[in-house]
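Trainee: return a 3D structure for these sequence lines:
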Amino acid sequence: MRLPRPERRNPMSQPALAEKAVQDALQHGKALLKFISANNVGLTGSHEYGYYLPVNAWKLYADHPPKKGENTDKKVKINWQDGERITDSIVKWYGAKTRYEYRLTGFGKSFPYRTASNVGDMLVLVRTGNETFNAYVFSSPDDMEYVQAALGTEIIDKAWGVYPAELAGREETADDCIDRHFQAFIKKIKIFPPSLDFSGTTRDAILDCIRDFKKLTNDKQLALLLDREYDLFRMAENLLCREDVTRQYKNIDEFIAAASSIMNRRKSRAGKSLEHHVEYLFRTAGIPFDAHAKVDGEPDILIPGKQAYQDKAWPEDKLFAVCLKTTCKDRWRQILNEAKRVKRKHLLTIQQGVSTGQLTEMRDSGVTLVVPEHLHKLYPAVPDMKILSLENLITDIKVQFPGGAGKLSGTC
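Mentor: Numbering: from 1, shown residues only. Predicted coordinates for the structure are as follows:
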């Protein structure tokens, strides 16, 4: 059954072609409608080429969801204007570096639908098979209105629309993306995995889902990594500890034993999480170090490493020891007896505030306190004591090692 046409007709319209485009879309059940922009035809001076295809309508032209960190090509054959010409084209996915988009490219010489006069025209792309499409380009306002009305797809606030509308779905947010990674991880576990698995999964999810993550300061990166890993851990805990929480206990001692096991796991994970993510940020910054090197104790991080520390010719002002503590309390003093060649020790903590008395003692003991910048406001001011941010610490250390980790042997 043919749909009624608008009464007003433009002399340049192609009513039969517009009706064919609608019938194609209805028959095959998938169509993209988009207005051709100046960027699509190369008028903006950008390096982009071809028609931009919206990411969250990927089901119309791709076989799997877009993946950050890779570029892919899919060869397709397109029938233009109901047989006027056929092109061997490519649906390109750009996910590497800073790009995150699909483009339809590869149209051959003298292709007539990517010219300056096509800006404002409407492209209708109908998927007819896994690697085949029918495409139509309309310049007549009447044809554009007819196609939109017939398919119930009105393009108002965006330069594109899809038929049916459900195919576009809701654009995936960064939180949605991270949750998708976390759910995939949770489905695979039967027992609590090592802490390194939690940290690695969190880091991979954030790097995949937050495009500008590496542009954040080291303090903000650390805070985000710690927060999201805790979310992942709680998901695993809710799954794996459900039976312990809901079962009937024989006596109080049995209940306390189960509760203690859960609490100890939480405490252990928090400390390991801090270690894993600080080590990752140091590696990313190119700082050479050894973790838990056995030298006069076992400092959490020894810079540039055990070999340099044991080399008596290595200058002491280029040795750093960093102690990592989720909370300081009295345990911070152990760093005083570790790595004795290191004159200026650093204590990195995420504790939300420390007493004036403890800060004064740290200052007098030659310990430099390092706290993520967003927590600085929670610390009292102490004369002649400067609290560093993680960004400050990494910058100060990098000055001492301009060649990075690759210039030193025997280091991490």
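
Trainee: sec struct for Asp396, please.
Mentor: Here Asp396 is recorded as helix under DSSP: H, G, I helix; E, B strand; the rest coil.

Trainee: which residue packs closest to it, ignoring adjacent ones?
Mentor: Sequence neighbours aside, Leu388 is the residue nearest to Asp396 in space, at 7.6 Å (criterion: Cβ to Cβ, 6 or more residues apart in numbering). Glycine gets a C-beta too; all of them are placed from N, C-alpha and C.

Trainee: isn't that neighbour right up against Leu369?
Mentor: Yes. The pair Leu388 / Leu369 is scored as a contact, 7.1 Å apart, by Cβ atoms under 8 Å.

Trainee: comparing these two, which shows the higher neighbour count?
Mentor: Leu369 (22 against 18; other Cβ atoms under 10 Å).

Trainee: secondary structure element for the more buried one?
Mentor: Assessed by DSSP states H and E, Leu369 sits inside strand 367-370.

Trainee: circling back to that earlier point, so what's in contact with Leu388 and Leu369 at the same time?
Mentor: Residues touching both Leu388 and Leu369 (Cβ atoms under 8 Å, 6 or more residues apart in numbering) are His346.

Trainee: export stretch 388-395 as CSV, just CAs?
Mentor: Taking Å, rounded to 0.1, in the frame of the first residue of the first chain, the C-alpha atoms of stretch 388-395 are listed here in CSV:
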residue,chain,number,x,y,z
LEU,A,388,52.4,17.7,48.4
SER,A,389,49.9,16.5,45.9
LEU,A,390,50.6,13.3,43.9
GLU,A,391,51.0,15.6,40.9
ASN,A,392,53.7,17.6,42.8
LEU,A,393,55.5,14.4,43.8
ILE,A,394,55.6,12.9,40.3
THR,A,395,56.8,16.2,38.8
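
Trainee: and for it, what's in contact with it?
Mentor: Under Cβ under 8 Å, 6+ apart, the answer for stretch 388-395 is 217-219, 222, 278, 281-282, 285, 287, 322, 346, 348, 368-373, 376, 396.

Trainee: in this protein, what helix or strand scores lowest on average pLDDT?
Mentor: None of the helices or strands of the chain scores lower by mean pLDDT, DSSP states H and E than helix 242-246, at a mean of 68.

Trainee: show me what secondary structure element comes after that helix.
Mentor: Immediately after helix 242-246, counting by DSSP H and E, sits helix 252-284.

Trainee: for stretch 201-219, how far is the first residue from the last?
Mentor: 20 Å (Cα to Cα, to the nearest Å).

Trainee: what sits up against stretch 149-162?
Mentor: 3, 22, 25-26, 30-35, 37, 54, 57, 60, 148, 163-165, 168.

Trainee: an error on my part: the question was meant for stretch 295-306.
Mentor: By Cβ under 8 Å, 6+ apart, the list of residues contacting stretch 295-306 reads 275, 278-279, 282, 287-294, 309-310, 318-324, 334-335, 337-342, 397, 401, 405, 408, 410-412.

Trainee: tell me which of these fall in strands.
Mentor: 290-291, 320-324 (DSSP state E).

Trainee: with pLDDT, neighbour count and distance to Gly353 added, can I get those residues in CSV?
Mentor: Below are the ones in strands among the contacts of stretch 295-306 laid out as CSV (pLDDT from 0 to 100; neighbours: other Cβ atoms under 10 Å; distance: Cβ to Cβ, whole Å):
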residue, pLDDT, neighbour count, distance to Gly353
Asp290, 96, 20, 31
Ala291, 95, 18, 27
Phe320, 95, 24, 25
Ala321, 95, 26, 24
Val322, 96, 25, 20
Cys323, 94, 24, 18
Leu324, 94, 22, 18
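
Trainee: that older thread, helices or strands up against the strand holding Leu369?
Mentor: Applying 3 or more Cβ pairs under 8 Å, 6 or more residues apart in numbering; DSSP states H and E, one finds that strand 367-370 contacts strand 345-349, helix 390-400.

Trainee: thinking again about what came up before, for ChimeraX, write a command that selects the buried ones of the contacts of stretch 295-306.
Mentor: Selection of buried members from those for ChimeraX, criterion 16 or more other Cβ atoms under 10 Å:
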select :275,278,279,282,287,288,289,290,291,293,309,319,320,321,322,323,324,335,338,339,342,397,401,405,408,411,412
